[in-house]
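> Task: produce atomic coordinates for the following.
(one chain, ligands or ions: 2)
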Amino acid sequence: MPAPAHPAPPLPEPLRVPVADSHTHLDMQDGTVGDALAKAASVGVTTVVQIGCDVERAGWAAEVAAAHPSVHAAVALHPNEAPRLAEEGGPQALDAALAEIEKLAALPQVLAVGETGLDYFRTGEAGIAEQQRSFRAHIALAKRLGKALVIHDREAHDDVVRILREEGAPERTVFHCFSGGPDLARTCAEHGWFLSFAGNVTFKNAQPLRDALSAAPPELLLVETDAPFLTPAPYRGRPNAPYLVPVTLRAMAEVKDLSEDELAGHVAANTARAFGYEPRP
Ligand SMILES: [Zn+2]
Ligand SMILES: [Zn+2]
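Numbers count the residues shown, from 1 in each chain. Ligands and ions are numbered 1, 2, ... in the order given. Model prediction:
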């Protein structure tokens, strides 16, 4: 058999201090959940937060979290899903889906509402009103249930921050796949919002992201894969998975001028605090 064109990257050196992948999509990755978790645990990624982006996938995320103690779930209508629903079925369709998300979000293994937020990269003018309405509804839901809020912010920093301030952010708010510069990092720090960095912080052209990371307090830092997307360098173009967290964490430690163990200790504690679970030994 010929070698696959895009083989899975090799296992990185295990972390000595175990951490969580704060944001992954196991439902979009090859292989079984059990294998993905075992591979991750073998390099010190002992916890993962599985994100469900529409009603069906949110149900799946809740099931997987119920079946695996190392998995926690987050559920929401993705910022690109909300306008799609409204476009197809009108505002009632969005409301009906939000009601389903609310039921799932109330489950004990679901620790967060997300990913929600704004995506001006993929959504045109016409979808923005419903996208913003959905974002506001998810903020309210997280507060009503006392859960964390996971934010997806793509080319929409100002409106994300404005709406969070208008609605009042939940006590625990995470900017997933942080994509701002040092200014947004300082705004997050002022409010105590967590910044979760993904593999793109390792990309050559990502100096603004590394500047943001430099400006962020270690007490608010998380790491994630957002797998199967955003595979860290030097493995770009190959499939991403939770076991690659150590690659990104090591690059972050270098930027922060912290030892790998120090940063991992912060990240492990921060992720547990952000999502409200007991850190695993
Ligand atoms: Zn996202
Ligand atoms: Zn995601």
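
> And the residue of this protein that's closest to ligand 1?
His152 (3.6 Å; Cβ to the ion). No exception for glycine: its C-beta is placed from N, CA and C like everyone else's.

> for that residue, which residues make a bridge with it?
Note on His152: beta-bridge partners by DSSP bridges are Gly117, His176.

> For it, give me its contacts.
78-79, 114-119, 176-177 (Cβ atoms under 8 Å, 6 or more residues apart in numbering).

> same deal with Ala206?
By Cβ under 8 Å, 6+ apart, Ala206 lies in contact with Asn200.

> Please state the backbone phi and psi of it?
Here is the backbone geometry of Ala206 (degrees, to the nearest 10): phi -100, psi 30.

> show me where the stretch 101-250 of the chain has strands.
For the stretch 101-250 of the chain, strands defined by DSSP state E, counting those that start in this stretch occupy the ranges 110-119, 148-154, 173-176, 194-197, 221-223.

> any chance of those strands in a markdown table, plus mean pLDDT?
What follows is the strands of the stretch 101-250 of the chain, written out as a markdown table (pLDDT from 0 to 100):
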| stretch | mean pLDDT |
| --- | --- |
| strand 110-119 | 98 |
| strand 148-154 | 98 |
| strand 173-176 | 98 |
| strand 194-197 | 98 |
| strand 221-223 | 98 |
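
> Asp183 is in contact with Pro208, correct?
No. Checked against Cβ atoms under 8 Å, the pair Pro208 and Asp183 is beyond contact range at 10.0 Å.

> CSV please, covering the strands of the stretch 101-250 of the chain and showing distance to Leu230.
As requested, those are arranged in CSV below (distance: least, Cβ to Cβ, whole Å):
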stretch, distance to Leu230
strand 110-119, 14
strand 148-154, 12
strand 173-176, 11
strand 194-197, 10
strand 221-223, 12
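
> Near ligand 1, which residues of the stretch 101-250 of the chain are found?
Within the stretch 101-250 of the chain, the positions lying close to ligand 1 (Cβ under 5 Å from the ion) are 115, 152.

> what about the helices in the stretch 101-250 of the chain?
Per DSSP state H, counting those that start in this stretch, the stretch 101-250 of the chain carries helices over the ranges 125-145, 157-167, 182-191, 207-215, 245-256.

> Which helix or which strand is home to Ala65?
helix 55-67 (DSSP states H and E).

> show me the contacts for Ile151.
Residues in contact with Ile151 (Cβ under 8 Å, 6+ apart) are 114-117, 160, 164, 173-176.

> Make a PyMOL selection of the buried ones in these.
The following PyMOL line selects those of those that are buried, judged by 16 or more other Cβ atoms under 10 Å:
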select buried, resi 114+115+116+117+160+164+173+174+175+176
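
> what number of residues lie near Pro242?
Pro242: 27 surrounding residues under other Cβ atoms under 10 Å.

> where does the stretch 1-150 of the chain dip in pLDDT?
Applying pLDDT under 70 to the stretch 1-150 of the chain flags residues 1-5.

> one more time with 90
The model of the stretch 1-150 of the chain has pLDDT under 90 over residues 1-6, 122-126.

> same check, this time on the stretch 151-281 of the chain
In the stretch 151-281 of the chain, residues with pLDDT under 90: 279-281.

> Swap in 70 and give it another go.
Residue ranges of the stretch 151-281 of the chain with pLDDT under 70: 280-281.

> which residues sit in contact with Asp54?
Here Asp54 is in contact with 77-78, 81, 97 (Cβ under 8 Å, 6+ apart).

> helices or strands up against the helix holding Ala65?
Here helix 55-67 touches strand 45-52, strand 71-75, helix 81-105, strand 110-119, going by 3 or more Cβ pairs under 8 Å, 6 or more residues apart in numbering; DSSP states H and E.

> Just among the contacts of Asp54, which is most surrounded?
Busiest of the contacts of Asp54 [other Cβ under 10 Å] is Leu77, holding 28 neighbours.
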